[in-house]
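Asks: What follows is a predicted structure for the sequence shown.
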Amino acid sequence: MNHIQILHEQALEAAKNYRKFESQLLVLLQNLDQHKVHYKMGYRSLFHYFTEALKLSESVSYMLINVSRKAKEVPELKHEIEKGSITLSKAKKITFVLNPDNKDEWLALAKNSTQAKIEKEVAKVAVKEISYPKLEYVNESFEVAEKVVVKKRDHARIQLQVGISEELMIRIRRAQDILSQKRQSTAGLESLLEEAISLCLDKFDPVKIAEKRMSRKTIQEESVPLRKVQKISQSPRMTSMKSRGNARVAIPAEVKHQIYLKTNGRCTYVDSVGHRCPETRFLDIHHLQSVAKGGGNELQNLTLLCKGHHKVIHQVGS
Ligand SMILES: [Zn+2]
Ligand SMILES: [Zn+2]
């Protein structure tokens, strides 16, 4: 065998092993997922287990999770990957559209077509899913603001790219008109986004709402004579809440506000090396001492946990 043939044989062997390894990895991941290994290890999601414990890249983690969950729904996908007739990256492309009803069609396409052809076919039926939102740092000296290159700035800039509907675009243009009119100067997309985000946060950010309510309350209390304040704190609602400590009683809005202030609207789970979870989304209020064990709705007994760590805490506790 000449030198070229030897290299080719080696490449074929390596590729075969690589495909075999991919299917083994897929089976392993399904088992991990099924046994909730990530929660038992203290990770708030399978994705965070992949990126933090296994040190896989975000894109590889997304791919593995998408494919392994889809393979559970459509087991034939797993068989094709095991046989080596569909690679993981091709499998990932069809996860958006594949389901038990159309599996024959899509699996055949994935087996017999190039990546580009698969992408094209998927795009025909699933335009929305493949227009990924994009938010990334850009080189400051080449910053592009709405297609116009502007001069270098001394702070980091992020390029935002997102697919939107035509309807939304028309509304954005309308909002830009209104904002420009109000300011008597042209409002670009960035100013509009700033304005919209401020309105959204003012209206919905629980930490901001709590800050506002609490400062309003302090002002009110200061202006109320002392005797009246004592009366308020002994109102029947508050006492009944305390005495019924063992029953599931709704947590009063004021206490909720204080929880958000206390935790700054962030999951309070701290891992074994002392890092606090950064999650600020999909948060649950958790009783440190459970209601069943007599824990009440006092601020000291309440905290915030993300959905994943809430599961972690309750699995460990049980
Ligand atoms: Zn809980
Ligand atoms: Zn968390």
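Replies: Yes, it's here. Small disclaimer: the values here were computed from a predicted structure and weren't measured. Ligands and ions are numbered 1, 2, ... in the order given.

Asks: pLDDT on stretch 26-41, on average?
Replies: What stretch 26-41 shows for mean pLDDT is 90.

Asks: Show me what counts as buried in that stretch.
Replies: Within stretch 26-41, the residues scored as buried using 16 or more other C-beta atoms under 10 Å are 26, 29, 30, 32, 33, 38, 39. Where you see a C-beta, it was placed from the backbone N, CA and C, and this is true even at glycine.

Asks: Could you do stretch 96-114 as well?
Replies: 97, 98, 103, 106, 107, 109, 110.

Asks: cool, and stretch 252-263?
Replies: 255, 256, 257, 258, 259, 260, 261, 263.

Asks: Check stretch 13-21 too.
Replies: The neighbour-count check on stretch 13-21 (16+ other C-beta under 10 Å) flags residue 19 as buried.

Asks: Doesn't residue 16 belong to a helix?
Replies: Yes - counting by DSSP: H, G, I helix; E, B strand; the rest coil, residue 16 is part of a helix.

Asks: So what's the residue count around the nearest residue to it once chain neighbours are set aside?
Replies: Spatial nearest neighbour of residue 16, excluding adjacent residues (C-beta to C-beta, 6 or more residues apart in numbering): residue 84 at 7.2 Å. Residues contacting residue 84 under the criterion other C-beta atoms under 10 Å number 14.

Asks: Format the buried residues of stretch 252-263 as TSV; extra columns: distance to residue 123, secondary structure and pLDDT.
Replies: Output for the buried residues of stretch 252-263, formatted as TSV (distance: C-beta to C-beta, whole Å; DSSP: H, G, I helix; E, B strand; the rest coil; pLDDT from 0 to 100):
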residue	distance to residue 123	secondary structure	pLDDT
255	49	helix	93
256	44	helix	93
257	46	helix	92
258	49	helix	93
259	44	helix	95
260	42	helix	94
261	46	helix	93
263	42	helix	95
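
Asks: Tabulate those (JSON lines), appending distance to residue 310.
Replies: Formatted as JSON lines, the buried residues of stretch 252-263 follow (distance: C-beta to C-beta, whole Å):
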{"residue": "255", "distance to residue 310": "18"}
{"residue": "256", "distance to residue 310": "16"}
{"residue": "257", "distance to residue 310": "20"}
{"residue": "258", "distance to residue 310": "19"}
{"residue": "259", "distance to residue 310": "14"}
{"residue": "260", "distance to residue 310": "16"}
{"residue": "261", "distance to residue 310": "20"}
{"residue": "263", "distance to residue 310": "13"}
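
Asks: And the residues you listed, which is closest to ligand 2?
Replies: Nearest to ligand 2 among these is residue 263, at 10.9 Å by C-beta to the ion.
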